[in-house]
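> return atomic coordinates for the entry below.
(2 chains)
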Amino acid sequence: MIARSGWRRLLAWGLVALAVWIAACWLLRLAANRGPAQRVDATPGQIERGRYLAAATDCAACHTADGGPPLAGGVPLNSPFGTIHGTNITPDAETGIGRYTAEEFFHAMTRGEARDGRQLYPAMPYVSYRTMTREDSDAIYAYVMNQPPVRLANPANSMRFPYNIRSGINLWNLLFADAEAASASTGVSPAWQRGRYLVETLGHCGECHSPRGALGQVDRDHPFAGNASLGRLAAPDITPQGLAARGWATGQLRDYLRTGLSAPAAASGEMLTVVRLSTSQLDAADFDAMLSYLLGDQPSAEAAAVATTQSGGTAAESGTATTTNAASEASRRHYLALCAGCHGPDGEGVPHVAVALQGNSSVRDPDPRNLIVAILDGLPEHDFVGLDRMQDMPGFARELGDAEVAALASWLRKRYGRQASPVVADVVGRLRADATTP
Amino acid sequence: MSDPRATRPLTLHVNGRRHGPIEVPGDMMLADVLHEYLGLTGTRVVCGQGVCRACTVIVDEPGRSREVRSCITGAHHFEGKRIRTVEGHAKRDASGRIVELSPVQQAFLDHYAFQCGFCTPGFVNAATVLIEKLRETPVARDEVEAAITAALDPHLCRCTGYVRYYEAVRAVVLATPGLVREGA
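Numbering: from 1, shown residues only, chains lettered A, B, ... in the order given. Alright, predicted model coming up:
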């Protein structure tokens, strides 16, 4: 008897439960939206501390649109799962976070759950912020809640099915949010510990620089090993070994993270924003702590070996070994025709005009992606922190075919980057095709 | 790398005339070859790093013409290509004397578009490329201003003659039949 009607009864009860659940969620959200607008009294010291921490966490990169009001949201973030937008986090009660208490703010920051119970997409780096202290969260809260409120509704997101079902993120959190992260470097000193908090938690560098799995989860076993799947430009390997292999030591990293410009590279795109809004704002002690963590207390044996063998000029040594065959002669001519006007006849660069290609970080990168993208698309003009500026770099997608770009990139890598492995034309073709379908 | 300054023979086609082959250093930019080897000094070098566009010349390809910055593009890149410089726009008689300016050049004079004139060769070439592009693909009347802005925007003029350049080009576009779509 139970067998005959049992499943129907079960289904009926299930439907009732579902209806109650939906109604409860709806009521809860309604209630949540109706809480009192918060007024946060804080000392100037607390607000200043919060401003500093908000720079360290780089809130504005995602929550202040280009030319838009500060922290009012609207920055589109593209992901393999669709486009979402940084939200309005001004203290406006209707469209911002004006009704959040400090408790709710901390919960959203570290657990990724909004005040009304909605799950935030993990584009909000709450997994990185999970280790943020309550004290720091409260300071950021005090700062944000004392900024001018802006009434600006959040733009609709365009996530693809099934990623547009937010409750699915609960499952994602269950699987990935609590995973223990390996350290990117080794160290024990207080500076290293502080650096770890600045880099891993506040700076959330791993969100872009760590590889991700099929469901977008950060690969916590290979922190900072690089990620080419987030944007047109890859976030390169920033492990101590990876940095050393591309010519980065303390001095170069210091220049780069302070101004965006250093001997091995000029920061472009999102990274220049990170430097402008975040790393350049850190005080001296925190800045040194960040470098300590990125490079480790003691350079690893591997990194030290790389650094020793690669110190000194990079071009001269590899240049003598260059065999003059037809392909390399064609690339050499392309270089002189299209690149040398700004980068110099032998890749030495021109100060304030174009970076040196000798020893350039992207030329030395085992992954040729960023070099190819720069050749195809060019680069936007650079407005560095401080007085330095650099003009835009023209792209050569129309000028050069896939095979020509591949040959030129291979020639540059071999001559200026110690990368012997040639670039394949198919790789160039795929990156060219990607550019037309953003 | 073998010496980038080592010379190679180069043949250029400039303003309908063949030059060369001449021995030109491998790393020499086109602007320098125009000045030093061909005596065509109308092309101006101002910033020398590809920002101001004063050095812009025209490269004619089948079906279209386009702007190229001669100060940052190696001369050997132009082997086999057809180049137009500011010297190539006006009509000349058999002795080489100018008898008639191009419509763009005349409009720049009529509108007092320039003062010191150093940026003018680049503006002449940019406006000429625009006119030729519109001849192939005309735009609607209400798109004319945007098309002119897009074409002239990268060019810098330190005497700030922008408005007069702009007005001169608009006058040419509107006065030349076939550049603007009728009824649009």
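> what are the structural domain limits within the chain?
As the question left the chain open, I've gone with chain A. Split into domains by automatic domain parsing, chain A comes to A:44-152+A:164-177, A:190-210+A:220-310, A:315-436.
> nope, chain B
Split by automatic domain parsing, chain B gives B:7-88, B:91-181.
> mean confidence score for the shortest one?
In other words, domain B:7-88. Averaging pLDDT along domain B:7-88 gives 96.
> nearest to chain A, out of the domains of chain B?
domain B:7-88 (3.1 Å; C-beta to the nearest C-beta). Using the backbone N, CA and C atoms, a C-beta is placed for each residue, glycine as well.
> chain center to that closest one: distance?
Centroid displacement of domain B:7-88 relative to its chain, using C-alpha atoms, centre = their mean, to the nearest Å, is 10 Å.
> where exactly do the helices run in the stretch 1-150 of chain A?
With DSSP state H, counting those that start in this stretch as the criterion, the stretch 1-150 of chain A has helices at A:2-33, A:44-56, A:59-63, A:102-111, A:126-129, A:134-145.
> can you give me the strands for the chain?
Since you didn't name a chain, this refers to chain A. For chain A, strands defined by DSSP state E occupy the ranges A:76-79, A:82-85, A:158-159, A:382-383, A:389-390.
> the chain in question should be chain B.
Secondary structure of chain B (DSSP E): strands at B:7-14, B:17-25, B:56-61, B:64-69, B:82-84, B:91-92, B:98-100, B:139-140, B:180-181.
> I'd like these laid out as JSON lines, including mean neighbour count and distance to B:Thr128.
Converted to JSON lines, those look like this (neighbours: other C-beta atoms under 10 Å in any protein chain shown; distance: least, C-beta to C-beta, whole Å):
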{"stretch": "strand B:7-14", "mean neighbour count": "17", "distance to B:Thr128": "15"}
{"stretch": "strand B:17-25", "mean neighbour count": "15", "distance to B:Thr128": "18"}
{"stretch": "strand B:56-61", "mean neighbour count": "20", "distance to B:Thr128": "7"}
{"stretch": "strand B:64-69", "mean neighbour count": "17", "distance to B:Thr128": "8"}
{"stretch": "strand B:82-84", "mean neighbour count": "19", "distance to B:Thr128": "8"}
{"stretch": "strand B:91-92", "mean neighbour count": "12", "distance to B:Thr128": "14"}
{"stretch": "strand B:98-100", "mean neighbour count": "10", "distance to B:Thr128": "15"}
{"stretch": "strand B:139-140", "mean neighbour count": "15", "distance to B:Thr128": "17"}
{"stretch": "strand B:180-181", "mean neighbour count": "16", "distance to B:Thr128": "17"}
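> can you lay out those as TSV showing distance to chain A?
TSV is the format used below for the strands of chain B (distance: least, C-beta to the nearest C-beta, whole Å):
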stretch	distance to chain A
strand B:7-14	9
strand B:17-25	9
strand B:56-61	10
strand B:64-69	8
strand B:82-84	14
strand B:91-92	31
strand B:98-100	31
strand B:139-140	22
strand B:180-181	26
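> thinking again about what came up before, out of the domains of chain B, which is the most enclosed?
domain B:7-88 (a mean of 19; mean count of other C-beta atoms under 10 Å in any protein chain shown).
> list the contacts of A:Pro422.
Counting by C-beta atoms under 8 Å, 6 or more residues apart in numbering or on different chains, A:Pro422 touches A:Ala406, A:Ser410.
> redo that, cut-off 7 Å
For A:Pro422, the contact set (C-beta atoms under 7 Å, 6 or more residues apart in numbering or on different chains) comprises A:Ser410.
> and what of A:Gly68?
Contacts of A:Gly68 were listed using C-beta under 7 Å, 6+ apart, and they are A:Gly74.
> please repeat the previous calculation with a cut-off of 8 Å.
With contact set as C-beta under 8 Å, 6+ apart, A:Gly68 has these partners: A:Gly74, A:Leu152.
> quick one: which of the helices of the stretch 1-150 of chain A is nearest A:Val385?
Checking the helices of the stretch 1-150 of chain A against A:Val385 by C-beta to C-beta gives helix A:44-56 as the closest, at 12.3 Å.
> packing partners for that closest one?
The contact analysis (3 or more C-beta pairs under 8 Å, 6 or more residues apart in numbering or on different chains; DSSP states H and E) places helix A:44-56 against helix A:134-145.
> now tell me what touches the helix it packs on from outside.
A:38, A:40, A:42, A:46-51, A:53-54, A:57, A:59, A:71, A:89-91, A:97-98, A:100, A:102, A:105-106, A:109-110, A:202.
> if any of these are buried, give me the PyMOL selection for them.
Of the contacts of helix A:134-145, the buried ones go into a single PyMOL selection, burial set by 16 or more other C-beta atoms under 10 Å in any protein chain shown:
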select buried, chain A and resi 38+40+42+46+47+49+50+51+53+54+57+59+71+89+90+91+97+98+100+102+105+106+109+110+202
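> and for A:Asp346, the neighbour number?
21 (other C-beta atoms under 10 Å in any protein chain shown).
> repeat for A:Asp388
When counting by other C-beta under 10 Å, one arrives at 14 neighbours for A:Asp388.
> could you find the closest non-adjacent residue to A:Val363?
Nearest non-adjacent residue to A:Val363, counting by C-beta to C-beta, 6 or more residues apart in numbering or on different chains: A:Gly417, 3.7 Å away.
> ok, that neighbour - contacts?
A:Thr314, A:Gly359, A:Asn360, A:Val363, A:Arg364, A:Asp365.
> helices - which of these land there?
Secondary structure from DSSP state H places A:Val363, A:Arg364 of the contacts of A:Gly417 in helices.
> most neighbours among the contacts of A:Gly417, which one is it?
Ranked by neighbours (other C-beta under 10 Å), the contacts of A:Gly417 are led by A:Val363, which has 29 neighbours.
> wait, that residue sits on A:Arg413?
Yes - the pair A:Val363 and A:Arg413 passes the contact test of C-beta atoms under 8 Å, sitting 5.9 Å apart.
> so what sits against both of these two?
Listed contacts common to A:Val363 and A:Arg413 are A:Leu371, A:Gln419; contacts here mean C-beta under 8 Å, 6+ apart.
> any idea which of the strands of chain A gets closest to chain B?
So among the strands of chain A, strand A:389-390 is nearest, using C-beta to the nearest C-beta, at 9.8 Å.
> residues contacting A:Asp221?
Taking C-beta under 8 Å, 6+ apart, one finds A:Ala182 in contact with A:Asp221.
> good, wrapping up.
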